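Asker: Okay, sequence plus prediction incoming.
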Amino acid sequence: MPRPLTVVQLLPALESGGVERSTLEIGRALVAAGHRSWVVSAGGRLVERLEAEGSSHIEFKVGAKSLLTLLKLPALRWLLRELKPDIVHARSRLPAWMARAALVGLKPPPHFVTTAHGLNSPGRYSAVMTRGEQVICVSESVRTYLLQHYPRTDPDKLVVIPRGIEPADFPADLCIDPTWRREFFERYPQLQGAPILTLPGRGTRLKGHAEAIELLAGLAGRGVDARLLLLGAAEAGRESYLAELQALARGRGVDQQLVITPPRSDVAQVYALSACILQLSNKPEAFGRTVIEALHMGVPVLGFDHGGVGELLHELYPVGAVPLADGPALLDAAQALLEAAPPVAAFAGYRLADMQRATLALYTGLVEPH
């Protein structure tokens, strides 16, 4: 049996997001396997949950983009010397730079691992994510991207470990509670009476909300009745952007068929209510977790064919992949799915347990190579 490990994960903060979620998921797996899990960050609302699941948190601003951060290198080096980690795992660029510098001179030296969670703009600053002894890529698209922009990187150390979902959270046989359904439509009556297209994502221009509204208008122009739900786009601080989207919908005559909601925790029920999930980011996503969530439930997904989203659609639901920014192709595909969507085939991969198991095996393989 492998000996217990001490693993330190570093990231800017623990507020929300995919990086933060993966940090908690690996921390939970480490604790369950009898290892010691430490997380270093500036803190945030997820710290309480992290600690409740058995990890230890140290508040340390390793992600603040300021020259003052560099003054904290001695303190970070001292901290790592005290923790004596077997693995130091950096999940973001500035924490990776800080960790690499802090590891200089430590005896015995911990193994340094990075995870490329995103398709960062190429350059010397982002190149640090390729400097781990092992570099975890959350999709084959990320691995290809790193090799394209950093050709000197040893391809053998780039390990693809896709993010995963808990299958029980997104079951194919989910039965919508009648009370939930009634309350949902009482709150959003505009969504009743026609198939719902749902675009989940934060209220940022990159997510393709405007493209979704144009798609809704295009369907209406063809006499195809549909509704559009922008799930999670109504965030504080995004008021001017939301007003812009609502003005676009009014101008296109579909404002009565559109609903924009804050983030919700009942996304599985919303997926189950939807005829199709949209993934229209104009910037390639590193992975595309919502694609896996929806397809695991048997809900069709329609998305632009690039990045991790295109990769997943080609593998799991090819009919849902359309060329980037091709409005007519998107409209044709959406109409076809609404009229007669091919069933989504069941698949067994992309489970949270797979991601946890592969990451812990990578850690163990560094410390105890065969």
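Answerer: Received, thanks. These figures come from a predicted structure and were not determined experimentally.
Asker: residue contacts, residue 147?
Answerer: 153, 155, 158 (CB atoms under 8 Å, 6 or more residues apart in numbering). (C-beta placed from N, C-alpha, C; glycine too.)
Asker: The last one touches residue 146, doesn't it?
Answerer: Spelled out, it's residue 158. Yes - Residue 158 is within contact range of residue 146, at 6.2 Å (criterion: CB atoms under 8 Å).
Asker: Now which of the contacts of residue 147 would you call buried?
Answerer: Neighbour counting with 16 or more other CB atoms under 10 Å marks 153, 158 as buried within the contacts of residue 147.
Asker: hmm, back to that, which neighbours do residue 158 and residue 146 share?
Answerer: With CB under 8 Å, 6+ apart, residue 158 and residue 146 have common neighbours 130, 135, 137.
Asker: Return the member of those residues nearest to residue 55.
Answerer: Nearest to residue 55 among the shared contacts of residue 158 and residue 146: residue 135, at 22.7 Å, using CB to CB.
Asker: Give me the helices and strands touching the helix or strand containing the closest one, please.
Answerer: In this assignment (DSSP states H and E), residue 135 forms part of strand 134-137. Judged by 3 or more CB pairs under 8 Å, 6 or more residues apart in numbering; DSSP states H and E, strand 134-137 is in contact with strand 111-116, helix 140-149, strand 158-160, helix 352-367.
Asker: out of those, deepest packed?
Answerer: strand 111-116 (a mean of 24; mean count of other CB atoms under 10 Å).
Asker: Helix or strand next in line after it, which one?
Answerer: Counting by DSSP H and E, what follows strand 111-116 is helix 124-127.
Asker: what helices or strands is that following helix leaning on?
Answerer: So helix 124-127, by 3+ CB pairs under 8 Å, 6+ apart, packs with helix 93-103.
Asker: coming back round to it: and which of the shared contacts of residue 158 and residue 146 is nearest residue 296?
Answerer: residue 137 (21.6 Å).
Asker: Looking at that closest one now. What's its pLDDT?
Answerer: For residue 137, the pLDDT comes out at 97.
Asker: That one reaches residue 163, doesn't it?
Answerer: No - contact criterion CB under 8 Å: residue 137 and residue 163 do not qualify, at 10.8 Å.
Asker: where in the stretch 1-150 of the chain is pLDDT low?
Answerer: 1-2, 63-70 (pLDDT under 70).
Asker: ok, the strand holding residue 135: who's next to it in the sheet?
Answerer: Partners of strand 134-137 in the sheet, by DSSP bridges, are strand 111-116 (parallel), strand 158-160 (parallel).
Asker: so which of those strands gets nearest residue 238?
Answerer: So among these, strand 111-116 is nearest, using CB to CB, at 27.4 Å.
Asker: Output the host helix or strand of residue 82 as PDB, restricted to C-alpha atoms.
Answerer: Per DSSP H and E, residue 82 falls inside helix 73-83. Extracted C-alpha coordinates of helix 73-83, given in PDB (Å, rounded to 0.1, in the frame of the first residue of the first chain):
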ATOM      1  CA  LEU A  73       8.400  34.500  -1.300                       C
ATOM      2  CA  PRO A  74      10.500  34.000   1.900                       C
ATOM      3  CA  ALA A  75       7.300  33.300   3.900                       C
ATOM      4  CA  LEU A  76       6.000  30.800   1.300                       C
ATOM      5  CA  ARG A  77       9.400  29.000   1.300                       C
ATOM      6  CA  TRP A  78       9.300  28.900   5.100                       C
ATOM      7  CA  LEU A  79       5.700  27.500   5.000                       C
ATOM      8  CA  LEU A  80       6.600  24.800   2.500                       C
ATOM      9  CA  ARG A  81       9.600  23.900   4.600                       C
ATOM     10  CA  GLU A  82       7.400  23.500   7.600                       C
ATOM     11  CA  LEU A  83       4.700  21.400   5.800                       C
END
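Asker: thought residue 190 was touching residue 227?
Answerer: Yes - taking CB under 8 Å as the definition, residue 190 is a contact partner of residue 227 at 6.7 Å.
Asker: isn't there a helix covering residue 193?
Answerer: No - counting by DSSP: H, G, I helix; E, B strand; the rest coil, one finds residue 193 to be coil, located in no helix.
Asker: okay, it: pLDDT?
Answerer: On the pLDDT scale, residue 193 gets 94.
Asker: Reformat the shared contacts of residue 158 and residue 146 as TSV; add distance to residue 206 and neighbour count.
Answerer: Listed next are those as TSV, based on distance: CB to CB, whole Å; neighbours: other CB atoms under 10 Å:
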residue	distance to residue 206	neighbour count
130	24	19
135	25	24
137	21	24
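Asker: Now do the buried residues in stretch 40-57.
Answerer: Result for stretch 40-57 [16+ other CB under 10 Å]: buried residues 40, 41, 42, 44, 46, 47, 50, 53, 55, 57.
Asker: can you check stretch 208-226 too?
Answerer: Applying 16+ other CB under 10 Å to stretch 208-226 flags 208-219, 224, 226 as buried.
Asker: Same check on stretch 157-174?
Answerer: So, applying 16+ other CB under 10 Å, buried residues of stretch 157-174: 158, 159, 161, 162, 163, 164, 165, 170, 174.
Asker: Quick one: mean pLDDT for it?
Answerer: Rounded mean pLDDT across stretch 157-174 is 94.
Asker: coming back round to it: what's the closest of the strands paired with strand 134-137 to residue 283?
Answerer: That would be strand 111-116 among those, by CB to CB, at 15.4 Å.
Asker: and the angle for that closest one with helix 140-149?
Answerer: Strand 111-116 and helix 140-149 are oriented at 100 degrees to each other (axes from the mean of the first three to the mean of the last three CA atoms, to 10 degrees).
Asker: can you list the residues that contact strand 111-116?
Answerer: Contacts of strand 111-116 (CB under 8 Å, 6+ apart): 19, 22, 86-91, 96, 99-100, 103, 128-138, 142, 146, 286, 362-363, 366-367.
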